[in-house]
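Asker: fold the following for me, if possible:
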Amino acid sequence: MIPDLDPETDLSFTRTLAAPRALVWECWTSPAHIPHFFIPAPHKVTAVEIDLRAGGRFNTTFDVDGHIMENKGVYLEVVPGARLVFTDAYSEGWKPAPEPFMTALLLLSDAPDGGTTYTAIARHRSAETRKSHEQMGFYDGWGTVVTQLEAYAQRLLASGWQA
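Answerer: Residues are numbered from 1 along each chain as shown. As a prediction, the model looks like this:
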């Protein structure tokens, strides 16, 4: 179920992926898979820490054109196979971030032909932050990430991935 969206503070999109939901979930919840899709190429994920539970850490480190960016976050909700909610407003141990940016919701459901309906939502504290994120390239960036995720999942399927 997609929550009510606020056009002033929320950005979202939905896409159907040609990959089973169990595999999409595994890609999003396994540190081994995250570097293969989580940031638009040619940028790289250089480190991932996941403690997959409400209150658990979701930390990533990026290399963007030689600049190292650390992102510390926490899961707010984990519904296996269906819903991940995480934020940079807190880090593990519920430590508040000095400048939080957003809360992300990832919603997965079965699509026809064994695919996955994938909805990504970015919730922001203010209309200004939402607008800034849109201008930074939310649709292109997150769209690229989901395209990379689908391609990576297809490679895993071709190599014999089993649920």
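Asker: wouldn't V74 be in contact with A97 here?
Answerer: No: counting by CB atoms under 8 Å, V74 does not reach A97; the two are 9.4 Å apart. C-beta: built from backbone N, CA, C; applies to glycine.
Asker: give me the more crowded residue out of those two.
Answerer: V74 (24 against 15; other CB atoms under 10 Å).
Asker: what touches both of V74 and A97?
Answerer: Common contacts of V74 and A97 (CB atoms under 8 Å, 6 or more residues apart in numbering): 90-91.
Asker: and the gap between the residue most central in space within the chain and W94?
Answerer: Geometric centre of the chain, nearest residue: L106, 6.3 Å, by CA atoms, centre = their mean. Separation of L106 from W94 (CB to CB, to the nearest Å) stands at 21 Å.
Asker: same deal with T46?
Answerer: For T46 relative to W94 (CB to CB), the value is 26 Å.
Asker: and the longest helix seen in the chain, what does it pack onto?
Answerer: In the chain, assigned by DSSP state H, the helix with the most residues is helix 138-158. Counting contacts by 3 or more CB pairs under 8 Å, 6 or more residues apart in numbering; DSSP states H and E, helix 138-158 packs against strand 10-17, helix 21-29, strand 116-124.
Asker: reformat these as a markdown table; add mean neighbour count, distance to F62 and mean pLDDT.
Answerer: Shown next, in a markdown table, are the helices and strands packed on helix 138-158 (neighbours: other CB atoms under 10 Å; distance: least, CB to CB, whole Å; pLDDT from 0 to 100):
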| stretch | mean neighbour count | distance to F62 | mean pLDDT |
| --- | --- | --- | --- |
| strand 10-17 | 17 | 20 | 96 |
| helix 21-29 | 20 | 17 | 97 |
| strand 116-124 | 20 | 17 | 96 |
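Asker: and the closest residue to F38 other than its chain neighbours, what pLDDT?
Answerer: Closest residue in space to F38, ignoring its immediate chain neighbours: V45 at 5.2 Å, by CB to CB, 6 or more residues apart in numbering. With respect to pLDDT, V45 has a value of 97.
Asker: who's V45 bridged to?
Answerer: Per DSSP bridges, the residues bridged to V45 are F62.
Asker: can you check S109 too?
Answerer: The partner residues for S109, given DSSP bridges, come to T117.
Asker: I'd say it and G81 touch.
Answerer: No: using CB under 8 Å, S109 is not in contact with G81; the gap is 9.3 Å.
Asker: any residues in contact with both of these two?
Answerer: Shared contacts of S109 and G81 (CB under 8 Å, 6+ apart): R21.
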